[in-house]
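> no letters, just coordinates:
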Ligand SMILES: Cc1ncc(COP(=O)(O)O)c(C=O)c1O
């Protein structure tokens with residue numbers, strides 16, 4: 001049986017959170033002399049001398065409306081990395097508890113676990129990059145606290161079936177973290193609408209991908225109120241800057257533009273996949289539900305270096321488990337994708353020339 005109380009670290013249960021000036025008083029006043037800010041202003045044309053809203057109330061109201069959840073079911077982090085780190089700090093006793101990951105997957109789960117001195121259990125994906133449910137069941141033990149499922153998965157690009165993830169959430173007594181950083185590019189539906197049904201479900205989202213705002217470092221997480229309360233208890237008081245909060249509020253007014261960009265990226269993805277089929281040195285193109293595509297090549301190192309000489313950077317995933325020979329290519333603009341294809345054609349010609357000598 002899932003019992004949140006049993007999962008929380010004792011020090012976090014005991015913790016009295018920091019009470020910031022802007023948390024203690026958030027109404028309207030004539031003069032603010034409570035937070036040791038600089039009342040004289042900023043050396044800029046815009047004033048940033050006041051601390052930002054610690055709980056990002058306006059942004060949460062808007063995101064809640066867009067996703068049909070309550071504002072109290074949303075946490076906003078300084079990038080997804082913040083929510084990932086908080087999960088360890090809230091639930092994992094260093095050197096005692098463990099997390100479960102399904103490699104190959106997003107590297108930060110592992111790095112964050114190591115930073116927090118938390119053990120890592122692994123249940124690799126199958127050769128077809130599907131969840132290996134038997135391996136997962138075997139890798140879970142009493143100390144497994146969060147289980148990370150990245151869907152669509154980075155670097156493989158595929159999304160997992162919704163029902164499969166929900167079955168995991170049903171059968172697991174720890175926290176199931178579903179990283180939906182790339183969900184906007186997928187035909188699979190988000191699991192946000194299930195947070196009311198699964199008290200152990202945490203959904204990670206980000207403004208860095210479909211919303212095109214990676215530079216702002218803003219990423220929401222969705223879960224039931226109890227888990228969100230824990231996030232808020234442990235997070236740094238002012239984790240989202242004023243400038244980022246203002247920019248996100250502006251961006252949220254442009255949802256239609258984001259939808260259009262998503263459609264364009266998906267169409268470019270399909271076009272690129274089709275065009276990549278012409279290259280005999282690409283032996284496999286994996287299906288993608290994301291804004292990137294993973295390709296298996298006969299020599300990832302060589303192609304990677306060739307593209308670097310062409311001033312095109314892709315991600316070399318050759319040394320990642322199950323990804324030998326693989327390169328991960330982000331979908332760019334039509335011009336960028338065309339440039340990539342042109343350089344790959346050049347690679348074909350040059351290799352043919354050197355081989356004929
Ligand atoms: C699966 C996944 N989650 C999260 C992130 C990072 O998101 P953020 O920019 O919000 O930290 C990435 C970045 O590549 C990612 O691939």
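Perfect, I can see it now. Quick caveat, the model's predicted, so the values are computed rather than measured.
> quick one, phi/psi of the spatially most central residue of the chain?
The centroid of the chain falls nearest to residue 181 when counting by Cα atoms, centre = their mean (4.0 Å). When read as degrees, to the nearest 10, the backbone of residue 181 gives phi -50, psi -30.
> now it: how far from residue 276?
In this view, residue 181 and residue 276 are 23 Å apart by Cβ to Cβ, to the nearest Å. To be clear about C-beta, it is placed using only N, CA and C from the backbone, and glycine gets the same treatment.
> returning to that earlier point: what's the closest non-adjacent residue to the residue nearest to the centre of the chain?
Here the nearest residue to residue 181 in space, its sequence neighbours aside, is residue 206; by Cβ to Cβ, 6 or more residues apart in numbering that works out to 4.9 Å.
> right, and that neighbour touches residue 79 too?
Yes - the criterion here is Cβ atoms under 8 Å, and residue 206 meets it with residue 79 at 7.0 Å.
> for the residue nearest to residue 181, give me its contacts.
For residue 206, the contact set (Cβ atoms under 8 Å, 6 or more residues apart in numbering) comprises 79-80, 181, 218-220.
> so where does it fall, helix or strand?
Secondary-structure assignment from DSSP states H and E places residue 206 in no helical or strand segment.
> mind listing what the single nearest residue of the stretch 251-357 of the chain relative to the ligand touches?
Of all residues in the stretch 251-357 of the chain, the one sitting closest to the ligand is residue 290 (8.4 Å; Cβ to the nearest ligand atom). Applying Cβ under 8 Å, 6+ apart, we find residue 290 in contact with 152, 154, 157, 182, 185-186.
> now do the helix or strand bottoming out on mean pLDDT in the chain: distance to the chain's middle.
Least confident helix or strand of the chain, by mean pLDDT, DSSP states H and E, is helix 21-24 with a mean of 84. Averaging C-alpha positions (Cα atoms, centre = their mean, to the nearest Å) puts helix 21-24 30 Å from its chain's average.
> residues contacting that helix, please?
Around helix 21-24, the neighbours that count as contacts under Cβ under 8 Å, 6+ apart are 34-35, 51-55, 237-238.
> would you mind listing what in the protein touches the ligand?
79-81, 106, 150, 154, 179, 181, 206, 208, 214, 219 (Cβ under 6 Å from any ligand atom).
> where helices are concerned, which of the residues you listed count?
The members of the residues of the chain next to the ligand that map onto helices under DSSP state H are 80-81.
> ok, the residues of the chain next to the ligand vs residue 61, which is closest?
Nearest to residue 61 among the residues of the chain next to the ligand is residue 219, at 17.4 Å by Cβ to Cβ.
> got a quick ChimeraX command for the buried subset of the residues of the chain next to the ligand?
Those of those that count as buried under 16 or more other Cβ atoms under 10 Å are selected in ChimeraX with:
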select :79,80,81,106,150,154,179,181,206,208,219
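> which two from the residues of the chain next to the ligand end up farthest apart in space?
The widest separation within the residues of the chain next to the ligand (Cβ to Cβ) is 17.2 Å, between 150 and 214.
> hmm, back to that, okay if I get the contacts of residue 290 as TSV plus distance to residue 256?
Listed next are these as TSV, based on distance: Cβ to Cβ, whole Å:
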residue	distance to residue 256
152	23
154	27
157	26
182	20
185	17
186	20
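> which outside residues touch the strand or helix carrying residue 267?
In the assignment (DSSP H and E), residue 267 maps to helix 255-276. Here helix 255-276 makes contact (Cβ under 8 Å, 6+ apart) with 66, 184-185, 210-212, 251, 282, 285, 288, 291, 293, 295, 329, 331-334, 337, 340-341, 344.
> distance from that helix to the middle of the chain?
The chain centre lies 19 Å from the centre of helix 255-276; the measure is Cα atoms, centre = their mean.
> ok, then the element right after that helix?
Helix 255-276 is succeeded, C-terminally, by strand 282-285 (DSSP H and E).
> mean confidence (pLDDT) on that following strand, please.
Averaging pLDDT along strand 282-285 gives 98.
> buried ones in that strand?
Buried, per 16+ other Cβ under 10 Å, within strand 282-285: 282, 285.
> before we move on, what about stretch 66-78?
By neighbour count with 16+ other Cβ under 10 Å, stretch 66-78 contains the buried residues 67, 69-71, 73-78.
> could you do stretch 25-32 as well?
Buried residues in stretch 25-32, counting neighbours by 16+ other Cβ under 10 Å, are absent.
> so which residues of the stretch 51-200 of the chain form strands?
Assigned by DSSP state E, counting those that start in this stretch, the strands in the stretch 51-200 of the chain fall at 74-77, 98-101, 119-122, 144-150, 175-179.
> cool, thanks, signing off.
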